[in-house]
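Novice: Make a model of this:
(2 chains)
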Protein chains: 2
Amino acid sequence: MGVTPTLSPLQNKHKTDAMVSSDIWTNDSPIAASRRLWVPRRPAVLVGSFEVLADGQSPNGTSETCDGKLKEAFPNLQSLGPVVLKNKSSHEQLNGANGSCPERSIMNMNGTNGTSYQGNGRAKTLRVGIVLSGGQAPGGHNVLAGVLDYLSERHPGSTLLGFKGGPGGILAKDYMEITQDNMAPFRNQGGFHMIGSGRGKIEKPEDLQKASNVAQELRLDGLVVCGGDDSNTNAAVLAEFFKAKGLRTSVIGVPKTIDGDLKNAQVATSFGFDTACKVYSEMIGNLMMDALSAKKYYHFVRLMGRAASHITLECALQTHPQAAIICEEVHQSNRRLADIVHELADMVAARAEDDKNYGIILLPEGLIEHVPEIGALISELNDLLADTDVAVNCHDSLVTKLSGANLAVFQFLPVAVRQQLLLDRDPHGNVQVARIETEKLLLQLLEVELEKRKQQGKFSGKFAGLTHYFGYEGRCSMPTNFDATYCATLGYVAGVLIAEDKTGLMATASCLDKPCADWSVGGYPLIDMMCIERRRGKDKPVIKKALVELNGPVYGAFEQLRQRWAAEDAYRSPGPIQFHGPTADCANFTLSLELCQGHPIEIA
Amino acid sequence: MGVTPTLSPLQNKHKTDAMVSSDIWTNDSPIAASRRLWVPRRPAVLVGSFEVLADGQSPNGTSETCDGKLKEAFPNLQSLGPVVLKNKSSHEQLNGANGSCPERSIMNMNGTNGTSYQGNGRAKTLRVGIVLSGGQAPGGHNVLAGVLDYLSERHPGSTLLGFKGGPGGILAKDYMEITQDNMAPFRNQGGFHMIGSGRGKIEKPEDLQKASNVAQELRLDGLVVCGGDDSNTNAAVLAEFFKAKGLRTSVIGVPKTIDGDLKNAQVATSFGFDTACKVYSEMIGNLMMDALSAKKYYHFVRLMGRAASHITLECALQTHPQAAIICEEVHQSNRRLADIVHELADMVAARAEDDKNYGIILLPEGLIEHVPEIGALISELNDLLADTDVAVNCHDSLVTKLSGANLAVFQFLPVAVRQQLLLDRDPHGNVQVARIETEKLLLQLLEVELEKRKQQGKFSGKFAGLTHYFGYEGRCSMPTNFDATYCATLGYVAGVLIAEDKTGLMATASCLDKPCADWSVGGYPLIDMMCIERRRGKDKPVIKKALVELNGPVYGAFEQLRQRWAAEDAYRSPGPIQFHGPTADCANFTLSLELCQGHPIEIA
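Specialist: So this is what the prediction gives:
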């Protein structure tokens, strides 16, 4: 049926910029108030009338085949194919033969071309649920706003329900209605606090049934799940379960994680990665200017990213540090902690020769878990600790039980870290690796190594280190123009897919290196992003975490430049995120994305 | 003599914004490149022709009288009075009777009014030295640029020499010539790295003589000293010494410190405080959005500021945390560490009743030194450690020697901190108080207290804490439009004062709450900011550090609002510093400054 689009009622209910400056005692900062009134850009295809077509030619021309086990796990989802939205009146002329990323001029994004939208599946008004799952990422509120705007514009009278506190909110049937009025204060703001988030999972049969009951009771036409690899895996399971039960509730995923490890041929980037990396890079750039001015400290900066090192790699490209440790490289080359320390010591010694006793070293928080020898040590420690009911005084005897190689690794660690490994255990008795402040560990080991070299006459420089951890600061900052626009777009597209009765898809936007008007949008089957992994002795279909590809263009660029950065002071200070002016959009997205889109490296 | 102003030759030698976006592999970030081309605003009085007049009526109408000891220490400086720059042709009509902060319309800042500048002292070309002293503060490069632009425009052919690595560079005669060409890359950039800084002092008679020799050898007409209270005290000593020796070298101070503790009736704020507070507040605001979204952590944020708590206070006003600890208050009310912990525990328990198990607590790095009982403990520990050659194993016996009250305080501390107090000593054997991570100390003590209350049935909430230290990130960030403009103005005015043969003055700008065009500028005698302090048994003239005034308007505003902030989630997220658009200037300076300028508090 056809519905004439209604533009979202984003009127000036809130203060104007001229007013906020004198209103400093409210809880509204001038920038927060100003951002609230900003209207994200929108791809041209979403402005006028469009249709949703099967996308035989997905942007990369490939579609992975589900193997037998995936087919077995998702019998009801396997016939789904990718879809793409096309401008209804003109897509054939515009897109040419290959259908992807057409080089077309920017259309009027605020106007409509007068024709109406024709869907093919749903009733005029829709009931849609949405949930935010897992850790915060900048832009989450704009996904909610994107779905809401789609419903307001194309299906007036529809209802959007936000489940509170993550997937647990679905099971508890804990939700709130999201309206234009209560949405307005959260537009373009950081955080997930409008509806909250949580780490709950809907996996067990009884939980799937509970979620199914709630979807039926609330008469949901669709459910939008914003999450990382795990949450989107669960979204596929839920889509399958609903379909098998004959429910009308579609499930659509949206890729969210600052870690950047939900990424594949169809998903160029997850939302939040751009903003988080820019917040961290601003701080790193500031430290660099400080290092260069004071000329007396090495700064060790730990960054978020346990499984993958995308953040560290992107921040390295943005800022040009003396060293950046990439877990995937450490793992692949079976690097020992001692190797890493030696390499850093070599760098410090070489710079000291050049009278440079300062520098910046980046490392991901996941490092310690990725050093193979530490993994082996922790594994043996966990076994020994499980066997013994170790009193505090018995640690010495426990340590002597360690095998030769692991004992050597243990003794290489600073005393404080050894104690932490023995004493700081989780409720299951396991060593709490994540609690180890890796940046301090590396600094201490480097101090020992440099002192040794000094006594051997191999190092005559000065060395003083400072440590930093940039983590929580980046998860809830105000989204960049890119993330704000990307999220609003993904939300809008998720709404379209639900209206079209599509399920088990992830909402996607591609051609992100083009102006937003030219972005291509659609949906891609979640199960086509999956593989089978062996977990706890069972085959499990999962969306695999995307690690840093050591033969990919992003790491490739880093590899080409790292030696130069180690020796020279090639620091790059990205500065604070800008929302207006010449630099708000020229650094439109991460360098990682730029490189992945095939832009060449020009080394100056 | 009269010189027609020449505008500074800031041509597009560097990339334009359109170019930098595709040039991501250089060390130039788009924002750094864009900032470089930005031209700071300039007070109207500095645009056309002006004259330097004795300022009988200083902005606050008062001028402290030097007492006898100050007269004794600075016999050659005591006749100096404050000066003010007035627009030559029109100041009488414009300024009315009182001469301060006229409400006039903005003049064309880039044009000149056709008349030429008339100085009354110096030769046509000048030789000026400049030095950056102490810790970095955003805007330092713009002070250099301000002096340079003054010389280029009003005394073409002059020479500006930058002493390298702080005051030590003067003694070592280590300098570089600063030109428009080599200055250009550093305009509006963070850091002090163009010429560096250092903590050296010129105090001892032989150093004063050395500096005097260098000033003579380099034929300096003036020396600009950018520094905090100590460095400006030294600037006065140097001015006195040069004058006594009959040197022609004027010494002019510029107020620099992110700590905000160089402040008095004539100096509204030191440069860098605005930017640093905004960088920290951005991060705190981000943490607040995270706390509100995750609802499971208390974040303890340590901020820079050892002597004074201005930064913590300003950040509290900017962000509205659950608690902010102000050292001056702790000290004045003789608060014990246990009192602070109890107050925090009360706040946490009250919020838990309201189902809010999260929050933000700000504290200054100087806290531990300001708790009177800790001061007493450390003092006794230092004495005991000096008396004994304590082997590692003898600590227990040393502790038993502590007096009763100090022993109780010692035993209240967490084990790790006790060890740190005993083991971590500086080269003189003193306890290294600054090394204690106060945010972790407070968190640990609070955990113990809440556990105790839990067991007494007085606390049933959940409590988990995370700690952060925001320090070095704020010292070298790109200056805000305010700091960039303030610094360029102070530099320009310092140049004027040197050309006018003035010495022993601090360059000042007032009426900072007005548009920049309306700022009033001049110079104020350093010795009129001084008092006599007893240090190491000797009377010493010093510029006193400005502590937070507990009966002042800034602390007053905090006091009015803190209870509300503790209970409610009144978080305010200031967002990243903006250089363009509606919010680049509306939050033009710190709330501390706004309050000090007499703007009323309107509580919403």
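
Novice: low pLDDT regions in the stretch 251-400 of chain A?
Specialist: By pLDDT under 70, the weakly predicted segments of the stretch 251-400 of chain A are A:388-396.

Novice: Residue of it closest to chain B, please.
Specialist: residue A:289 (3.3 Å; C-beta to the nearest C-beta). Using the backbone N, CA and C atoms, a C-beta is placed for each residue, glycine as well.

Novice: Show the subsequent helix or strand relative to the strand or helix carrying that residue.
Specialist: In this assignment (DSSP states H and E), residue A:289 forms part of helix A:273-294. Once helix A:273-294 ends, the next helix or strand along the chain (criterion: DSSP H and E) is strand A:298-303.

Novice: Do the helix or strand where residue A:33 lies and chain B come into contact?
Specialist: In the assignment (DSSP H and E), residue A:33 maps to helix A:30-36. Yes. Helix A:30-36 comes into contact with chain B (C-beta under 8 Å from any C-beta of the partner chain), by way of A:30, A:31, A:32, A:34, A:35.

Novice: which ones are touching the nearest residue in space to residue A:585 that is not next to it in sequence?
Specialist: Among residues not flanking residue A:585 along the chain, residue A:481 sits closest, at 5.8 Å (C-beta to C-beta, 6 or more residues apart in numbering or on different chains). Taking C-beta atoms under 8 Å, 6 or more residues apart in numbering or on different chains, we find residue A:481 in contact with A:40, A:41, A:579, A:584, A:585, A:588.

Novice: Mind doing that once more with 10 Å?
Specialist: Applying C-beta atoms under 10 Å, 6 or more residues apart in numbering or on different chains, we find residue A:481 in contact with A:35, A:38, A:40-41, A:188, A:274-275, A:516, A:577-580, A:584-585, A:588-589.

Novice: and what of residue A:370?
Specialist: A:306-309, A:325-332, A:335, A:364.

Novice: again, but for residue A:522
Specialist: A:45, A:52-55, A:58-59, A:82-86, A:266, A:493, A:496-497, A:502, A:505-510.

Novice: repeat that with 6 Å
Specialist: A:55, A:83, A:84, A:85, A:508 (C-beta atoms under 6 Å, 6 or more residues apart in numbering or on different chains).

Novice: Dump those residues into a markdown table; add secondary structure and pLDDT as well.
Specialist: Formatted as a markdown table, these follow (DSSP: H, G, I helix; E, B strand; the rest coil; pLDDT from 0 to 100):
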| residue | secondary structure | pLDDT |
| --- | --- | --- |
| A:55 | coil | 83 |
| A:83 | strand | 96 |
| A:84 | strand | 96 |
| A:85 | strand | 97 |
| A:508 | strand | 97 |
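
Novice: Just the buried residues from those, in ChimeraX please.
Specialist: Only the buried entries of the contacts of residue A:522 go into this ChimeraX selection, using 16 or more other C-beta atoms under 10 Å in any protein chain shown:
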select /A:55,83,84,85,508
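
Novice: Now do the contacts for the single nearest residue of the stretch 101-250 of chain A relative to chain B.
Specialist: Using C-beta to the nearest C-beta, residue A:191 is the residue of the stretch 101-250 of chain A that sits closest to chain B, at 3.4 Å. Neighbouring residues of residue A:191 by C-beta under 6 Å, 6+ apart: A:476, B:289, B:293.

Novice: my guess is the second one contacts residue A:474, does it?
Specialist: No. Using C-beta atoms under 6 Å, residue B:289 is not in contact with residue A:474; the gap is 11.1 Å.

Novice: Quick one: neighbours of the residue lying closest to residue A:173 once chain neighbours are set aside, just the number.
Specialist: Counting by C-beta to C-beta, 6+ apart, residue A:214 is the residue found nearest to residue A:173 once chain neighbours are left out, at 5.0 Å. Using other C-beta atoms under 10 Å in any protein chain shown, residue A:214 is surrounded by 21 other residues.

Novice: Quick check: phi and psi on residue A:214?
Specialist: phi -60, psi -40 (degrees, to the nearest 10).

Novice: for residue A:129, same thing?
Specialist: The phi/psi pair for residue A:129 (degrees, to the nearest 10) is phi -110, psi 150.

Novice: Any figure for the gap between the residue of the stretch 251-400 of chain A closest to chain B and residue A:196?
Specialist: 37 Å (C-beta to C-beta, to the nearest Å).

Novice: and residue A:48, what element?
Specialist: Residue-wise, residue A:48 maps onto no helix or strand under DSSP H and E.

Novice: which residues in the stretch 51-200 of chain A form strands?
Specialist: A:83-87, A:117-118, A:127-132, A:159-163, A:175-178 (DSSP state E, counting those that start in this stretch).

Novice: Okay, strands next: where are they in the stretch 301-450 of chain A?
Specialist: Under DSSP E, counting those that start in this stretch, the stretch 301-450 of chain A gives strands at A:323-324, A:359-364.

Novice: Each with direction, which strands does the longest one pair with?
Specialist: Going back to what we said before, that points to strand A:359-364. strand A:298-303 (parallel), strand A:323-324 (parallel) (DSSP bridges).

Novice: The closest residue in space to residue A:581 that isn't next to it in sequence in helix, strand or coil?
Specialist: Distances taken as C-beta to C-beta, 6+ apart put residue B:580 closest to residue A:581, at 2.6 Å, once the chain neighbours are dropped. When classified by DSSP: H, G, I helix; E, B strand; the rest coil, residue B:580 comes out as coil.

Novice: Count the neighbours of residue B:580 for me.
Specialist: Using other C-beta under 10 Å: residue B:580 sits among 17 other residues.

Novice: Show me what from the stretch 351-500 of chain A comes close to chain B.
Specialist: For the stretch 351-500 of chain A, the residues in contact with chain B (C-beta under 6 Å from any C-beta of the partner chain) are A:472, A:473, A:475, A:476, A:477, A:478.

Novice: List just the nearest of those residues to chain B.
Specialist: Once C-beta to the nearest C-beta is applied, the member of those that ends up nearest chain B is residue A:476, at 3.6 Å.

Novice: Surely the closest one and residue B:289 touch.
Specialist: Yes. The criterion here is C-beta under 6 Å, and residue A:476 meets it with residue B:289 at 3.6 Å.

Novice: Which helix or which strand is home to residue A:506?
Specialist: strand A:505-510.

Novice: and the angle for that strand with strand A:83-87?
Specialist: Here strand A:505-510 points in a direction 50 degrees away from that of strand A:83-87 (axes from the mean of the first three to the mean of the last three C-alpha atoms, to 10 degrees).

Novice: so what strands line up beside strand A:505-510?
Specialist: As defined by DSSP bridges, the strand partners of strand A:505-510 come to strand A:250-255 (parallel), strand A:520-525 (antiparallel).

Novice: out of the ones you listed, deepest packed?
Specialist: Here the criterion is mean neighbour count by mean count of other C-beta atoms under 10 Å in any protein chain shown, and of the strands paired with strand A:505-510 the winner is strand A:250-255, at a mean of 31.

Novice: Quick one: distance of that one to the chain centre.
Specialist: 16 Å (C-alpha atoms, centre = their mean, to the nearest Å).

Novice: so who does residue A:274 touch?
Specialist: Neighbours of residue A:274 in contact, by C-beta under 6 Å, 6+ apart: A:480, A:482, A:483, A:589, A:590.

Novice: Return the helix or strand in chain A with minimum mean pLDDT.
Specialist: Comparing helices and strands within chain A by mean pLDDT, DSSP states H and E singles out helix A:17-20 as the least confident, with a mean of 32.

Novice: sorry, back to before: could the contacts of residue A:191 be laid out in CSV, adding distance to residue A:400?
Specialist: Below are those laid out as CSV (distance: C-beta to C-beta, whole Å):
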residue, distance to residue A:400
A:476, 47
B:289, 49
B:293, 47
